[in-house]
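Trainee: Generate coordinates for the sequence data below:
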Amino acid sequence: MARSQTTTLILVTNTVSARQWREELLRRTSLTEDEIGEYSAPARRSGR
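Mentor: Got it, this is the predicted structure:
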């Protein structure tokens with residue numbers, strides 16, 4: 001990501017993975033919390 005010097009989109013299958021990525025990016029890079037966005041869908045409900 002640093003070499004390309006561009007905005008990066010990381011897609012994951014669940015919110016737990018998204019939070020893990022966020023924490024690792026904060027820990028291992030110079031990014032700040034304001035520079036990392038997180039989008040997720042609302043919880044799914046059973047239609048029954």
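
Trainee: Could I get the full set of helices for this protein?
Mentor: Taking DSSP state H as the test, the helices found in the chain are 15-28.

Trainee: So what's the predicted local confidence for the most centrally placed residue in the chain?
Mentor: In the chain, the centroid-proximal residue (C-alpha atoms, centre = their mean) is residue 18; its distance is 4.2 Å. pLDDT, residue 18: 95.

Trainee: Just confirm it contacts residue 40, I think it does.
Mentor: Yes - between residue 18 and residue 40 a contact is recorded at 6.5 Å, counting by C-beta atoms under 8 Å. Where you see a C-beta, it was placed from the backbone N, CA and C, and this is true even at glycine.

Trainee: Residues in contact with stretch 34-48: which ones?
Mentor: Applying C-beta atoms under 8 Å, 6 or more residues apart in numbering, the contact partners of stretch 34-48 are 15, 18, 19, 22, 25, 26.

Trainee: burial of residue 36, as a residue count?
Mentor: Per other C-beta atoms under 10 Å, the neighbour tally for residue 36 reads 14.

Trainee: mind checking pLDDT for it?
Mentor: Note on residue 36: pLDDT of 94.

Trainee: Please tell me how far it sits from residue 27.
Mentor: 12 Å (C-beta to C-beta, to the nearest Å).

Trainee: Next, count neighbours for residue 35.
Mentor: 11.

Trainee: Equivalent analysis for residue 22, please.
Mentor: The number of residues packed around residue 22, counting by other C-beta under 10 Å, is 16.

Trainee: For it, which non-adjacent residue is closest in space?
Mentor: Ranked by C-beta to C-beta, 6 or more residues apart in numbering and with sequence neighbours excluded, the top spatial neighbour of residue 22 is residue 36, at 5.6 Å.

Trainee: can you tell me how far the one you found sits from residue 46?
Mentor: Residue 36 sits 32 Å away from residue 46, going by C-beta to C-beta.

Trainee: Likewise for residue 16?
Mentor: Using C-beta to C-beta, one obtains 20 Å as the distance from residue 16 to residue 46.

Trainee: Ok, residue 31 next?
Mentor: Distance, residue 31 to residue 46, using C-beta to C-beta: 37 Å.
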